[in-house]
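**Student:** Model the structure of this input:
(chains A and B)
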Protein chains: 2
Amino acid sequence: MPLSAFTNVFAGNPLDRQSARRADPDWVEAQLAHPDARAVFLWNGKPLVTGEPGARTIAWGPSDLGRELGKSAERLLFLGLGGLGPVFAVDLEDAADPAEGPLKGRGEFEDLRTAAPGMPLPETGILATARSLFEWRRRHRFCSNCGQPSEVVDGGWKRICPACRTQHFPRTDPCVIMLPTFGDRCLLGRQASWPAGRFSALAGFVEPGESIEEACAREVIEESGLEVVSVRHHSSQPWPFPSNLMIGLLAEVSNDQAAPQDSELEAVIWVSRSEARRLLEGTLDGHLPPGDIAIARQLLAAWAYESA
Amino acid sequence: MPLSAFTNVFAGNPLDRQSARRADPDWVEAQLAHPDARAVFLWNGKPLVTGEPGARTIAWGPSDLGRELGKSAERLLFLGLGGLGPVFAVDLEDAADPAEGPLKGRGEFEDLRTAAPGMPLPETGILATARSLFEWRRRHRFCSNCGQPSEVVDGGWKRICPACRTQHFPRTDPCVIMLPTFGDRCLLGRQASWPAGRFSALAGFVEPGESIEEACAREVIEESGLEVVSVRHHSSQPWPFPSNLMIGLLAEVSNDQAAPQDSELEAVIWVSRSEARRLLEGTLDGHLPPGDIAIARQLLAAWAYESA
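**Tutor:** Alright, predicted model coming up:
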């Protein structure tokens, strides 16, 4: 698959992360002082965006505003070098009303799930990176090894415990998300908590001691009772809620006797390729397709329009 | 790829993890009391094994020994149901000399990297799961959100903080491991710390905000200066040192002008398919292939023997 085909939302962060140099605080400080340095702002995980709904873009600010609002290393993150200069992110955390301060008039803070559709893909990738890092930092202020407060280093990409010297790196939790197929039909499921009528792919976390393919087989049998006989990779997607790596798969199963039990799913349906196309086009009565930023939608489309 | 082709060492844990039921302490206790319940024992991450070197098997013990030695939930782990009954693991942690106690004569504690070659694959999968979980638990005794000691629940698969109620799940860190290819040659690299002459695939952790394919492209350009133009998935492997998920890829690059700089690699070489075969057979003068339990070896073999 050519890299240009990776069109999943939240993939496509174009910045050069400079993973070797960001460990040097002087180098990071010099980037922050660069006249072209820019910052994105997040408040409780919501990015500051501008433009019309459905066509949002990042509301960039100059890095001196980032430095002023970020104040401490705890709130600042070096994201990388872009074509226009260094890029940072600032975590405003739970500040009372950041839109009333120096950011007034620059845009609005919007949930990333709502802001992402229609946003340029490279910007969704930048925001996904910033949001995942800040969510990790917010939940990992203490050393899991000894309980003492830890400190941010490496431009925001690492924490270190001053007491026991343990290093802590951001979490990335791999999840399998798959479309079981049998002959010319595929299986979709729905969770009770979803909007009425929505059906999507099956999914679950990869556990320690499992390969991707084993996790896929386990989740499919747990959720549907079906046995996976082969697995094809489609693509993958960073999913910043808070920090998952979605691994999209097509999973051929051995029969069509799906029987959810002990399952998170309240219902499953088999759909043909033509039904899948109608589902994606919004014309399958009473049914809604996977959300438009979900890799599940790409998986379903890949299968529905596959030459067959 | 048929599931039967997943022959990576540490994949193939045959146990039914019962991820819904293990959350019920009474159910887990009933499994522990089952007359056929068995336990594997680990000491500082080393499993208790028996048999000849190169043909080790797990030195199983009865679950009452597991209960006696495990003592607390902190040291016991429910691994799942096998064909012969429930299976547990016991962490002996840093006990002075566990081979002198009730386990005397049952086997020896051996580094899993050394014990795994030649061990039945399902047993390597069971040990990989146990080792990863115990390594995670040992480094995550305190709540990263508030610093208080956390408690083990769900048969060992979760921790919960009694102070702030945050739930903590085991980490699984996804890594890309890839063989850059150009025309009929592939690129191998070596790190200075490796045994003299060893060459292997390139590898690195997937960072937040990256797809698998993007992480592959970033690591290849960081390590070799080469640009990735397409990515093929080969297979994946749980790697319990301490808890990685190795994602094996073949990465076509745009030219052969490899130029490692700012790199963890001290050298790179291009090899043809016939040279790769000789490397794997141990007849490429002065060069050693990837280790025999590494997915890198499977990747190299897949490419070297691919019809082309």
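**Student:** so what pLDDT did A:Ala23 get?
**Tutor:** Listed pLDDT for A:Ala23 reads 94.
**Student:** Over to A:Ala258?
**Tutor:** 89.
**Student:** On the three-state scheme, it is what?
**Tutor:** When classified by DSSP: H, G, I helix; E, B strand; the rest coil, A:Ala258 comes out as coil.
**Student:** distance of the spatially most central residue of chain A from A:Phe205?
**Tutor:** In chain A, the residue lying closest to the centroid (Cα atoms, centre = their mean) is A:Trp239, at 1.4 Å. To A:Phe205, A:Trp239 is 12 Å away according to Cβ to Cβ, to the nearest Å. All C-beta spots, glycine's among them, are computed from the backbone N, C-alpha and C.
**Student:** Check A:Pro162 too.
**Tutor:** 32 Å.
**Student:** who has more neighbours, these two?
**Tutor:** A:Phe205 (16 against 10; other Cβ atoms under 10 Å in any protein chain shown).
**Student:** Most proximal residue of the stretch 1-150 of chain A with respect to chain B?
**Tutor:** At 2.7 Å from chain B, A:Thr129 is the closest residue in the stretch 1-150 of chain A, using Cβ to the nearest Cβ.
**Student:** With adjacent residues omitted, what lies nearest to that residue?
**Tutor:** B:Gly209 (2.7 Å; Cβ to Cβ, 6 or more residues apart in numbering or on different chains).
**Student:** likewise A:Cys161?
**Tutor:** A:Cys143 (3.7 Å).
**Student:** residues contacting the one you found?
**Tutor:** A:149-150, A:159, A:161, A:163-164, A:166, A:168, B:142, B:144, B:147 (Cβ atoms under 8 Å, 6 or more residues apart in numbering or on different chains).
**Student:** could you flag which of these are buried?
**Tutor:** Using 16 or more other Cβ atoms under 10 Å in any protein chain shown as the burial test, the contacts of A:Cys143 include A:150, A:159, A:161, A:168, B:142, B:144, B:147 as buried.
**Student:** and the nearest residue to A:Ser200 once chain neighbours are set aside, what helix or strand is that in?
**Tutor:** Using Cβ to Cβ, 6+ apart and skipping the chain neighbours, the partner closest in space to A:Ser200 is A:Pro290 (4.0 Å). Assigned by DSSP states H and E, A:Pro290 belongs to neither a helix nor a strand.
**Student:** Check which helices and strands the helix or strand hosting A:Leu179 sits against.
**Tutor:** Here A:Leu179 sits within strand A:173-182, counting by DSSP H and E. Here strand A:173-182 touches strand A:185-191, strand A:202-205, helix A:212-224, strand A:228-239, strand A:244-253, helix A:295-304, going by 3 or more Cβ pairs under 8 Å, 6 or more residues apart in numbering or on different chains; DSSP states H and E.
**Student:** A:Asn8 reaches A:Ile295, doesn't it?
**Tutor:** Yes - counting by Cβ atoms under 8 Å, A:Asn8 touches A:Ile295, with 5.4 Å between them.
**Student:** anything in stretch A:187-194 near chain B?
**Tutor:** No - Stretch A:187-194 does not reach chain B (Cβ under 8 Å from any Cβ of the partner chain); its nearest approach is 14.8 Å.
**Student:** For chain B, give me its nearest residue in the stretch 151-300 of chain A.
**Tutor:** A:Gly209 (2.7 Å).
**Student:** which residues does that residue contact?
**Tutor:** Contacts of A:Gly209 by Cβ under 8 Å, 6+ apart are B:10, B:13, B:125-126, B:128-130, B:132-133, B:238, B:240.
**Student:** Secondary structure of it: a helix, I assume?
**Tutor:** No - under three-state DSSP, A:Gly209 sits outside any helix and is assigned coil.
**Student:** Can you name the residues of the stretch 151-300 of chain A sitting close to chain B?
**Tutor:** Going by Cβ under 8 Å from any Cβ, the residues of the stretch 151-300 of chain A near chain B are A:157, A:166, A:168-174, A:205-214, A:217-218, A:222, A:228-233, A:235-238, A:240, A:243, A:245, A:247, A:262.
**Student:** Would you quantify the distance from A:Asp285 to A:Ala301?
**Tutor:** 20 Å.
**Student:** The longest helix along chain A: which residues count as buried?
**Tutor:** Secondary structure of chain A read by DSSP state H shows that its longest helix is helix A:121-139. The neighbour-count check on helix A:121-139 (16+ other Cβ under 10 Å) flags A:121, A:123-139 as buried.
**Student:** Please apply the same query to stretch A:212-225.
**Tutor:** Neighbour count says stretch A:212-225 has A:212-220, A:222-225 buried, by 16+ other Cβ under 10 Å.
**Student:** How about stretch A:187-203?
**Tutor:** Result for stretch A:187-203 [16+ other Cβ under 10 Å]: buried residues A:187-190, A:199-203.
**Student:** Residues touching the worst-scoring helix or strand of chain A on mean pLDDT, excluding its own?
**Tutor:** Least confident helix or strand, chain A: helix A:63-70 with a mean of 74, by mean pLDDT, DSSP states H and E. Residues outside helix A:63-70 that contact it (Cβ under 8 Å, 6+ apart): A:32-34, A:37-39, A:41, A:75-76, A:86, A:88, A:90-92, A:98, A:101-103.
**Student:** returning to that earlier point: can I get the contacts of A:Gly209 in TSV with pLDDT?
**Tutor:** Output for those, formatted as TSV (pLDDT from 0 to 100):
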residue	pLDDT
B:Phe10	96
B:Asn13	95
B:Gly125	97
B:Ile126	98
B:Ala128	98
B:Thr129	98
B:Ala130	98
B:Ser132	98
B:Leu133	97
B:Pro238	97
B:Pro240	98
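**Student:** do you know how far A:Met119 is from A:Phe10?
**Tutor:** From A:Met119 to A:Phe10 the distance is 10 Å (Cβ to Cβ).
**Student:** Give me the common contacts of those two.
**Tutor:** A:Leu127.
**Student:** Show me which of the two is the more surrounded one.
**Tutor:** Set side by side, A:Met119 and A:Phe10 give different neighbour counts by other Cβ under 10 Å, the larger being at A:Phe10 (27 against 23).
**Student:** Tell me how far the more buried one lies from B:Arg185.
**Tutor:** 34 Å.
**Student:** Let me see the mean pLDDT of stretch A:110-124.
**Tutor:** 96.
**Student:** got the CA positions of it in CSV?
**Tutor:** Only the C-alpha atoms of stretch A:110-124 are listed here, as CSV (Å, rounded to 0.1, in the frame of the first residue of the first chain):
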residue,chain,number,x,y,z
GLU,A,110,-14.0,22.2,20.4
ASP,A,111,-14.0,18.5,21.1
LEU,A,112,-11.6,16.9,18.7
ARG,A,113,-14.1,14.3,17.6
THR,A,114,-16.4,17.1,16.4
ALA,A,115,-13.6,19.3,15.0
ALA,A,116,-11.8,16.7,13.0
PRO,A,117,-14.2,15.9,10.2
GLY,A,118,-13.3,18.3,7.3
MET,A,119,-10.1,19.5,8.9
PRO,A,120,-6.9,19.1,6.8
LEU,A,121,-5.5,15.7,7.6
PRO,A,122,-2.0,16.9,8.6
GLU,A,123,-3.7,19.1,11.2
THR,A,124,-5.7,16.2,12.6
